[in-house]
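A.B. asks: Give the three-dimensional model of this entry:
(chains A and B)
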Amino acid sequence: MNTKRRDRVFLLMILPAFIGFLLLFIVPSLMSFGYSLTNWSVYKPNFNFVGLDNYASLFADTKNIAAIKHSITYALVITVLQNGFAILFAVLLNRKGIMANMVKSIFFLPAVLSILVVGFLFQYIMTSADYGLLNNIIQFFGGTPVNWLGNGKIALFSVLATQVWQWTGWSMVIYIANLKSIDGSLYEAAEIDGAGKLQTFRKVTLPLLYPAASFNILMSLIGGLKVFDVVFAMTKGGPGYATETIMTTLIREGFNSGRTAYASAFAVVFFVIVFALTQIITFFLNKWEERIV
Amino acid sequence: MIRTQKFKNVTFNCLYAIIGAVMLLPIYYLLVTTFKTPAEATARPLGLPTTWNFGNYIEAFTAMNYPRAFTNNLLITGIAVIILILISSMAAYVIARSNRLIFKWMFSIFMVGLIIPFQIAIIPLYKIIAGLHLMNTLPGVILIDVFCINLPLSIFLFRGFINTVPIELEEAAAIDGYGTFRTFLSIIFPLLKPIVSTVAILDALAIWNDFLTPLLFLQDPRKAVLLQEVYKNVGPFSTDWTSFFPMLVLSTLPLVIFFLIMQKSIIDGVVAGAVKG
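C.D. replies: This next block holds a predicted model:
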């Protein structure tokens, strides 16, 4: 076969994807780094180089530090909750029968809704106004109503709870597929050895869930760091700045306030956080994998 | 023994019923509220409506410019998914079948997009899209949905699948005098059906539900997608929530119907996407 000719055809086949990706992903990403070192804004179209000034003012603002903290907290907590619930329900629902299948579908259903719609819906469910469904239910059972979205201490976690509701089913179906692939004879062996249910889960099931877990953990972590739509729908960053995240700040500074360079610096910080956190988590996941093998 | 087994099944089914009901409660609440008057919704939030009033839906349908917004959604999603399948299957084929360093390099660059969110590029991207005169146009949004959001995962999934396709077929095709591209198109591509459906489903869900891209890049009201119509109405309808809820239903209805029909392929697609990853 004429490899030279083949390579030329290969190049033509890969170029549409590569050029588009280069032009619309790689180049603008690099441009963010460049812009972050200037004082460009809608008020200063003729910008110049200012070094690390944007970073200095970015970190001097406690609101930004809070937004970064919120995103990281959100990402870590949702990773734990979403995967914890997903594994729990995967184990519970990994049975045959119409009921089990129906409930699996019900769990997955919220994942096809848009995050924005889920956010709006829960904004009404969690509101402290008279018609708030959640507080009505709590009062029905004799509890005291909670200001889910108006109390700055819990608002971020109220928002987060809606996303656990929405995405647990997605992770769960992946865990169920993984559970199905586990060799049944391992459980028989564990039973013969006299292992209890909990022990079997910890020593047999959990280690073998590694493939699904490593994927799901990274996905919820990255998804959590990007959180935007649901905050936008439910709290707009409020009350005060209690639910501001990296993305809500970046969009506000870059698009609403027109502080282009400043927002670019925020984007670079965002990049560093995503990169660092995924590296750390991958490190621990690899440790876990080594221990299993 | 049989009796305890039966007892266990009943217990599990009761447990399932409870879990399922709790999960479904927010969606049930959304649906029943759409048929009520505000007074009734406040008085009996979880009760079935006393009269099934479809007036809220008609009002929502008009306020959202539903046919127009739906068409915009459909155009963006449909065209983007077709482009994604074509360009990512070709790119993945090259990556899977060539040992050339340059293609391995390109693959590594694509994979950056799996971890790094495109949001870090969003401000310069705004300038680039404006520079291409694609601001407030459907092609502008399609380009971003294709290249910034869905391309890396699509290539990754195609590559994983093509790696499992035996190369002997291509060798036979070469003996028959098939060229490289013709081999791909008429021998390989038809074999990719399962992964095409996985990629199409994952990409379609992501694109249909994407809000940030239209929010920033599609500010012409005539080109608004469904979610923008919902967002536009949240202010004016904030006190009239029984009229607002039908908009939430209408904007997600197409995907829910899609899910109810294609349930098995969607869930299989999600699983395949994870296992290959």
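A.B. asks: Name the SS class of the spatially closest residue to B:Asn150 that is not a sequence neighbour, please.
C.D. replies: Nearest residue to B:Asn150, sequence neighbours excluded (C-beta to C-beta, 6 or more residues apart in numbering or on different chains): B:Asp203, at 4.6 Å. For glycine as for every other residue, the C-beta is placed from the backbone atoms N, C-alpha and C. With DSSP: H, G, I helix; E, B strand; the rest coil as the basis, B:Asp203 sits in helix.
A.B. asks: what number of residues lie near B:Asp203?
C.D. replies: 26 (other C-beta atoms under 10 Å in any protein chain shown).
A.B. asks: pLDDT weak spots in chain A?
C.D. replies: A:1-2, A:293 (pLDDT under 70).
A.B. asks: Go through the lengthiest helix in chain B and flag the buried ones.
C.D. replies: Looking across chain B with DSSP state H, the single longest helix is helix B:241-275. Neighbour-count burial for helix B:241-275 flags B:241-252, B:254-255, B:258-259, B:263, B:266-274 (criterion: 16 or more other C-beta atoms under 10 Å in any protein chain shown).
A.B. asks: Which elements pack onto the host helix or strand of A:Leu81?
C.D. replies: Using DSSP states H and E, A:Leu81 sits within helix A:62-93. When contacts are defined as 3 or more C-beta pairs under 8 Å, 6 or more residues apart in numbering or on different chains; DSSP states H and E, helix A:62-93 packs onto helix A:98-108, helix A:155-180, helix A:210-225, helix A:246-251, helix A:260-292, helix B:2-33.
A.B. asks: Give me the angle between the first one and helix B:2-33.
C.D. replies: With axes from the mean of the first three to the mean of the last three C-alpha atoms, to 10 degrees applied, the angle from helix A:98-108 to helix B:2-33 works out at 40 degrees.
A.B. asks: which other residues reach the helix or strand that helix A:98-108 is followed by?
C.D. replies: Helices and strands here follow DSSP H and E; after helix A:98-108, the next one along the chain is helix A:115-126. With contact meaning C-beta atoms under 8 Å, 6 or more residues apart in numbering or on different chains, helix A:115-126 is reached by A:110, A:131-135, A:148-149, A:158-159, A:162-163, A:165-166, A:229-234, B:26, B:29-30, B:209, B:211, B:227, B:230-231, B:234, B:241, B:244-245, B:248, B:251-252.
A.B. asks: With stretch A:27-41 instead?
C.D. replies: Under C-beta under 8 Å, 6+ apart, the answer for stretch A:27-41 is A:47-55, A:258-262, A:264-265, A:267-268, A:271, B:116, B:118, B:120-125, B:127-128.
A.B. asks: for stretch A:128-142, same thing?
C.D. replies: So stretch A:128-142 is contacted by A:124-127, A:144-150, B:29, B:41-42, B:45-46, B:241 (C-beta under 8 Å, 6+ apart).
A.B. asks: Return the set of buried residues in that stretch.
C.D. replies: Those would be A:Tyr131, A:Gly132, A:Leu133, A:Leu134, A:Asn135, for stretch A:128-142 by 16+ other C-beta under 10 Å.
A.B. asks: Shouldn't the fourth one be within a helix?
C.D. replies: Yes. Looking at A:Leu134 with three-state DSSP, it is inside a helix.
A.B. asks: coming back round to it: can you narrow the buried residues of helix B:241-275 to ones near chain A?
C.D. replies: For chain A, the contacts drawn from the buried residues of helix B:241-275 by C-beta under 8 Å from any C-beta of the partner chain are B:241, B:244-245, B:248, B:251-252, B:255, B:258-259, B:263, B:266-267, B:270-271, B:274.
A.B. asks: these two touch, right, B:Ala41 and B:Phe35?
C.D. replies: No. B:Ala41 is beyond contact range of B:Phe35, at 9.2 Å (criterion: C-beta atoms under 8 Å).
A.B. asks: neighbours around B:Ala136, how many?
C.D. replies: Ala isn't right for residue B:136; it's Asn. With other C-beta under 10 Å as criterion, B:Asn136 counts 16.
A.B. asks: Kindly provide the distance from it to chain A.
C.D. replies: 14 Å (C-beta to the nearest C-beta, to the nearest Å).
A.B. asks: doesn't that residue fall inside a helix?
C.D. replies: No. Per three-state DSSP, B:Asn136 lies outside any helix segment and is coil.
A.B. asks: Once you drop chain neighbours, what's closest to it?
C.D. replies: B:Asn136's closest residue in space is B:Asp220 (C-beta to C-beta, 6+ apart), at 4.2 Å.
A.B. asks: unless I'm mixing things up, the one you found is touching B:Leu134, no?
C.D. replies: No. Using C-beta under 8 Å, B:Asp220 makes no contact with B:Leu134, being 12.0 Å away.
A.B. asks: Report the contact partners of A:Thr205.
C.D. replies: A:Val91, A:Leu179, A:Ile182.
A.B. asks: Please report phi then psi for A:Lys44.
C.D. replies: phi -130, psi 70 (degrees, to the nearest 10).
A.B. asks: Report the beta-bridge partner residues of it.
C.D. replies: In this structure, A:Lys44 bridges to A:Ser41 when assessed by DSSP bridges.
A.B. asks: Next, count neighbours for it.
C.D. replies: 14.
A.B. asks: Could you report the distance from it to A:Thr38?
C.D. replies: 9 Å (C-beta to C-beta, to the nearest Å).
A.B. asks: How about B:Trp208?
C.D. replies: In terms of C-beta to C-beta, B:Trp208 sits 37 Å off from A:Thr38.
A.B. asks: Looking at these two, which is more packed in?
C.D. replies: B:Trp208 (25 against 20).
A.B. asks: How much space separates that one from A:Leu156?
C.D. replies: 27 Å.
A.B. asks: Same question for B:Ile257.
C.D. replies: 34 Å.
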